[in-house]
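> Have a look; sequence and predicted model below, questions after that.
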Amino acid sequence: MLGGISLTCVRGIDADEFLIALGADLDELAERTSCKDLVAPARRPGDRAPHVNRAMYGTCGDWVYVLEDWGMATWATGYRTVDSMRPAPDEEIVCVTMNSWSPPQRIIHAPGDGGAWQAEFGQDTGQGSALDAALRAADAVLPSIGELGEAAVVTCDEEHGPGCPLRCSQPSGITAAFPSPRRPSRPGIFPPF
């Protein structure tokens, strides 16, 4: 993703329900404040506002998307341990997380069967899913050492690796509909992570 932005897309669940699962405040969610206009309230009069991370969200077709620029995707930080974030049957989730605080960058795919598979950028999940096929078609899957040998893989990674985050985000099929993260006009929330 450009500029360190992480993306989480989900379908099969109501947008507000998913945002609440991520920790969105109900009042904040009801207000539908533009992300650029969100203001973190101070804890007590005269105190500085706490540091918070913003998330912009919206919908595209049957997908709900959440864009975050704090170095990680909130869903990726909690889907294994927070009950409300666990992927449920019939909910498909695709998450492209920059993992700035816990590298490497990852793609996580919950195909709707209650499980989740992940891969580093430049790889597929190995599950033979439609997402894996789309990643390969977008040239977002780089060869492995076993396929080419170490020297060839290093050369390939140096040539093609820098564009891999963008190629990894495109197979979701909704990237063209995103507003510019530099002009966040979509509603926003403050996830608790």
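Yes, it's here.

> Every contact and neighbour count from this point should use C-alpha atoms.
OK.

> mind listing what the closest residue to Ser6 other than its chain neighbours touches?
In space, Ser6 comes closest to Thr97 once its chain neighbours are excluded; the distance is 4.6 Å by C-alpha to C-alpha, 6 or more residues apart in numbering. By C-alpha atoms under 8 Å, 6 or more residues apart in numbering, the contact list for Thr97 reads Ile5, Ser6, Leu7, Thr8, Gly71, Met72, Ala73, Ala76, Gln105, Arg106, Ile107.

> do that again at 6 Å, thanks
Ser6, Met72, Ala73, Gln105, Arg106 (C-alpha atoms under 6 Å, 6 or more residues apart in numbering).

> Of the residues you listed - the most surrounded one?
Ser6 (29 neighbours; other C-alpha atoms under 10 Å).

> So in the chain, where's the weakest helix or strand by average pLDDT?
helix 164-169 (a mean of 46; mean pLDDT, DSSP states H and E).

> And the helices in the protein?
Using DSSP state H, the helices of the chain run over residues 15-21, 26-31, 74-78, 130-137, 145-148, 150-160, 164-169.

> Check these for me: which has the lowest mean pLDDT.
Ranked by mean pLDDT, the helices of the chain bottom out at helix 164-169, which scores a mean of 46.

> In strands only, show me the contacts of Thr97.
Taking DSSP state E, the ones among the contacts of Thr97 that sit in strands are Ser6, Arg106.

> of the contacts of Thr97, closest to Gly126?
Arg106 (13.6 Å; C-alpha to C-alpha).

> count of residues packed around the closest residue to that closest one other than its chain neighbours?
Residue nearest to Arg106 in three dimensions, not counting chain neighbours: Glu120, with 4.4 Å by C-alpha to C-alpha, 6+ apart. Neighbourhood size, Glu120 [other C-alpha under 10 Å]: 17.

> what about this protein, any weak spots by pLDDT?
Segments of the chain classed as low confidence (criterion: pLDDT under 70) are 1-3, 40-52, 142-193.

> if we go to 50?
1-2, 164-185, 189, 193 (pLDDT under 50).

> returning to that earlier point: can the contacts of Thr97 go into a markdown table with extra columns for distance to Gly128?
Output for the contacts of Thr97, formatted as a markdown table (distance: C-alpha to C-alpha, whole Å):
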| residue | distance to Gly128 |
| --- | --- |
| Ser6 | 24 |
| Met72 | 26 |
| Ala73 | 24 |
| Gln105 | 20 |
| Arg106 | 17 |
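
> how close does Asp25 sit to Trp63?
21 Å (C-alpha to C-alpha, to the nearest Å).

> Looking at these two now, which is surrounded by more residues?
Taking Asp25 and Trp63 together and counting by other C-alpha under 10 Å, Trp63 has the greater number of neighbours (22 against 14).

> Could you pull up the contacting residues of that one?
Val10, Arg11.

> Repeat the analysis, applying 7 Å as the threshold.
Residues near Trp63 by C-alpha atoms under 7 Å, 6 or more residues apart in numbering: Cys9, Val10, Arg11.
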